[in-house]
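Colleague: Need a 3D model of the sequence below.
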Amino acid sequence: MKDFRDKVVVVTGAASGMGRELAVKLGQRGAHVAISDVDPDGLAETERLVKATGAQVHSQLLNVAEREAVLAYADTVATHFAKVNAIFNNAGIAHHGEIEHMEFKDIDRVMDVDFWGVVNGTKAFLPHIIASGDGHIVNTSSLFGLLSEPGQSAYNSAKFAVRGFTEALNQEMIVAKHPVKVTCVHPGGIKTAIARNATMSGDDQGITEAFEKYFLRMNPAKAADIILSGVEKGRARVLVGNDAKVLDLWVRVVASGYQGILARGTRLALARFNK
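Modeller: Below is the predicted model of the structure:
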């Protein structure tokens, strides 16, 4: 897939942030866009913005954690547009808290959306994407799918799993000689509402505010441009932002040594914010 003109592209988690920007920019590039989310108001606004580009758009409320609903959704989109060329499995949530204090349901909730949502979307749409003869699957992992961070165990687990799942899928498409490219996206700090909307174990509001202020720096529109460029070039991995590129290299160089360094840095930060 060298470009998106006249391609049918699905974007999950499209009500805000990177999902919205991806959907709008795909419309600007001539794609027919299917958007979904659990947020009806945000989804309606994204639909309006995509239609303003002149693109055809199909919009539907969808919880990517509900497998049967996702399977039915894939058939609905394929029937509506007569084909599906690509899916951006972008929907995601977060939870902050130490494993010692988290409940199982906190981990389950993140895994259901961030990992199983990707699996559900991939499995549901893969037959249609293969049949298109010119397909692409784009799964959103994270910088936290490259390194782990204290307090982010649930999110780390899901995003590491997305990375492994996506890299295996890419190799399987090559082995089977299917006309499908696969891309795993690792965004760094993108200025979206994911941290603000994250659930928490305990009271860490100060950390969340600092995380948003100092780490979530890149505009989601710029992130979407980087992702779409990487997909058009057929890249198997797209690192979004200098923070993702630098930290990926750092982990490769210091290997498991990064864990002690990051843990000590986190301890100092917690001491500062808890004064």
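
Colleague: quick one: low-confidence ranges for this structure?
Modeller: For the chain, the stretches with pLDDT under 70 are 193-196, 202-216, 273-275.

Colleague: and the longest strand for it?
Modeller: Secondary structure of the chain per DSSP state E: the longest strand is strand 180-187.

Colleague: mind listing what the helix or strand following that one pairs with, with the direction of each?
Modeller: Per DSSP states H and E, the first helix or strand lying C-terminal to strand 180-187 is strand 199-200. Strand pairing for strand 199-200, using DSSP bridges, gives strand 95-96 (parallel).

Colleague: got a list of contacts for the strand it pairs with?
Modeller: When contacts are defined by CB atoms under 8 Å, 6 or more residues apart in numbering, strand 95-96 is touched by residues 102, 106-107, 109-110, 151-152, 154-155, 198-201, 204, 207-208. C-beta: built from backbone N, CA, C; applies to glycine.

Colleague: now, which of these sits nearest I87?
Modeller: V110 (20.6 Å; CB to CB).

Colleague: And the longest strand of the chain, what's buried?
Modeller: Residues of strand 180-187 classed as buried: 180-187 (neighbour count, 16 or more other CB atoms under 10 Å).

Colleague: and that strand, what does it pack onto?
Modeller: Strand 180-187 is packed against helix 116-132, strand 135-140, helix 153-176, helix 220-232, strand 237-240, helix 242-254, with contacts defined by 3 or more CB pairs under 8 Å, 6 or more residues apart in numbering; DSSP states H and E.

Colleague: ok and that strand relative to helix 220-232, angle-wise?
Modeller: Calculated by axes from the mean of the first three to the mean of the last three CA atoms, to 10 degrees, strand 180-187 forms an angle of 150 degrees with helix 220-232.

Colleague: so what strands line up beside strand 180-187?
Modeller: strand 135-140 (parallel), strand 237-240 (parallel).
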